[in-house]
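*Asks:* Give me coordinates for this.
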Amino acid sequence: MSIAIKVLVVDDEAQIRKFLRSSFSGTEYKVIEAEDGQSALRAAATELPDLVLLDLGLPDMDGIDVAKQIREWSQVPIIVLTARGHEDDKVEALDAGADDYLTKPFSVKELEARIRVMLRRNIASTTTDPIIEFGDCKLDLGARLVYKKGEELRLTPIEYKLLAFMAKNADKVVTHKMLLADVWGPGYDFEVQYLRVHMKNLRHKLEDVPADPQFILTEAGVGYRLVTTQN
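*Replies:* Coordinates of the predicted model:
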């Protein structure tokens, strides 16, 4: 018998919890439910779920704070499911430790695809393999080398840092703030134009069709995502 994948659903709406429980019925997922933030934190600590689906609008505390507290001790994948569609809310949730974000109403098929990506990334992150591949490109973090179609690419130091940071967080959204802080350091939080210029150059080196990127995707108003896995 296969071991069920435990998914903690945190939502104060009973209908949403019932909908997800029904959607996952008969699948490999076992749903654990929490209707508020405190219940979610207790369930995360006692049940040790494989993934958390988190609403932001909870009755006792903001979902942002739930994500922050979970991140103090766990790297469990967190996907935010919420009615808040503003870019600022999305950025705040991701900066707080969420790995992905879907606004309500959402497609169950899309949610399941994102869950599969998060679970694959979580398994892969436990390995020590420094080689990350996407399409015909390969990044060797140990040797600090990048290849496309077997040929070594010449990246600038900034381009390499950007790619390495996204690769270490592959298939997750990384915000402008995260990238700016990692590559340029404090004081550059709002210099998004720096990112756009270097990302454009990076795409020209890595993508077959830079205007229609397949790997370095833009999350409008939020940041970028390096896609290394197929749904």
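
*Asks:* the helices in the chain, which residues?
*Replies:* With helices called from DSSP state H, the chain shows them at 14-23, 37-47, 63-71, 87-96, 108-124, 157-168, 176-183, 192-206.

*Asks:* so where's this protein uncertain?
*Replies:* Applying pLDDT under 70 to the chain flags residues 1-3, 122-129, 230-231.

*Asks:* how does it divide up, domain by domain?
*Replies:* 5-124, 131-226 (automatic domain parsing).

*Asks:* separation between residue 24 and residue 94?
*Replies:* With distances taken as Cβ to Cβ, to the nearest Å, residue 24 is found 24 Å from residue 94. Placement of C-beta: from N, CA and C, glycine included.

*Asks:* again, but for residue 186
*Replies:* 19 Å.

*Asks:* With neighbour numbers in mind, choose between these two.
*Replies:* Ranked by neighbour count (other Cβ atoms under 10 Å), residue 186 and residue 94 place residue 94 first, with 24 against 7.

*Asks:* The more buried one: what's it in contact with?
*Replies:* Shown in contact with residue 94 (Cβ atoms under 8 Å, 6 or more residues apart in numbering): 101, 173, 174, 175, 178, 222, 223.

*Asks:* The first one: how many residues sit nearby?
*Replies:* Spelled out, it's residue 101. Residue 101: 23 neighbours (other Cβ under 10 Å).

*Asks:* so what's it closest to, chain neighbours aside?
*Replies:* The shortest distance from residue 101 to any non-neighbouring residue, by Cβ to Cβ, 6 or more residues apart in numbering, is to residue 80 (4.6 Å).

*Asks:* How about the last one?
*Replies:* Excluding the flanking residues, the one nearest residue 223 by Cβ to Cβ, 6+ apart is residue 175, at 4.0 Å.

*Asks:* who's in contact with that neighbour?
*Replies:* Residue 175 neighbours (Cβ under 8 Å, 6+ apart): 91, 94, 95, 222, 223.

*Asks:* If burial is judged by neighbour count, which of the residues you listed pass?
*Replies:* 91, 94, 95, 222, 223 (16 or more other Cβ atoms under 10 Å).

*Asks:* In a markdown table: those, plus distance to residue 120.
*Replies:* Shown next, in a markdown table, are the buried ones among the contacts of residue 175 (distance: Cβ to Cβ, whole Å):
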| residue | distance to residue 120 |
| --- | --- |
| 91 | 25 |
| 94 | 19 |
| 95 | 23 |
| 222 | 22 |
| 223 | 21 |
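
*Asks:* can you count the residues close to residue 56?
*Replies:* There are 24 residues near residue 56, going by other Cβ under 10 Å.

*Asks:* can you tell me how far it sits from residue 14?
*Replies:* On the measure of Cβ to Cβ, residue 56 and residue 14 end up 17 Å apart.
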